[in-house]
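In: Quick one, fold the following:
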Amino acid sequence: MALMPKRVKFRKIQKGRVKGNATRGNFVAFGEYGIQALEPGRISAQTIEAGRVVASQAVKGGGKLYIRIFPQKSVTSIPAETRMGKGKGEIDYWAAVVKPGTILYEISGLSEEAARAAFARVSHKMPVTCRFVGRRPTI
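Out: Numbering: from 1, shown residues only. Below you'll find the predicted structure:
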């Protein structure tokens, strides 16, 4: 089942623009390794779920998977061959807005090679280019 908010203040949201780099959620906080977005974009709830399925198959109970993004923006669309006017379309899907530098998923309890292999499969599903990152050393 795809992710979506339980309730929102407004059903239909304006499109907006994704400007600048991520200032929050831009470092590995929960796991040991993560996958980081390198370009801006919107990731649909279905895509997030597809990445979760692939990553959880790689983990296979040996580690823990963390999803760091949540689809909270509704994306609307009007049916094809519809005349202009008649208002804004109905909600088509829910999407997460991603800025460059945002951590998408994290994994703990796996070796680096296994985590790299898992995130390589996840990055093929994502609509934005991604890279593998490790946890920063703490002082």
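In: Please make it C-alpha for all contacts and neighbour counts, starting now.
Out: Noted.
In: what does stretch 52-72 contact?
Out: Applying Cα atoms under 8 Å, 6 or more residues apart in numbering, the contact partners of stretch 52-72 are 3-5, 25, 30-31, 43-45, 94-97, 103-110, 114, 118-119, 121-122.
In: after the longest strand along the chain comes which helix or strand?
Out: The single longest strand within the chain, with elements called by DSSP state E, is strand 90-98. Next helix or strand after strand 90-98 toward the C-terminus (DSSP states H and E): strand 103-108.
In: between that next one and strand 90-98, what angle do the directions make?
Out: With axes from the mean of the first three to the mean of the last three Cα atoms, to 10 degrees applied, the angle from strand 103-108 to strand 90-98 works out at 60 degrees.
In: let's have the chain start at 52 instead
Out: Okay, using 52 as the starting number, the last item reads as strand 154-159.
In: Buried ones in strand 154-159, by neighbour count?
Out: 154, 155, 156, 157, 158, 159 (16 or more other Cα atoms under 10 Å).
In: name the helices or strands packed onto whichever helix or strand comes after it?
Out: Note on strand 154-159: by DSSP H and E, the next helix or strand toward the C-terminus is helix 163-176. Helix 163-176 sits against strand 84-88, helix 96-110, strand 181-185, with contacts defined as 3 or more Cα pairs under 8 Å, 6 or more residues apart in numbering; DSSP states H and E.
In: What lies in contact with the longest strand of the chain?
Out: Residues outside strand 141-149 that contact it (Cα under 8 Å, 6+ apart): 54-55, 62-63, 69, 88, 90-96, 120-129.
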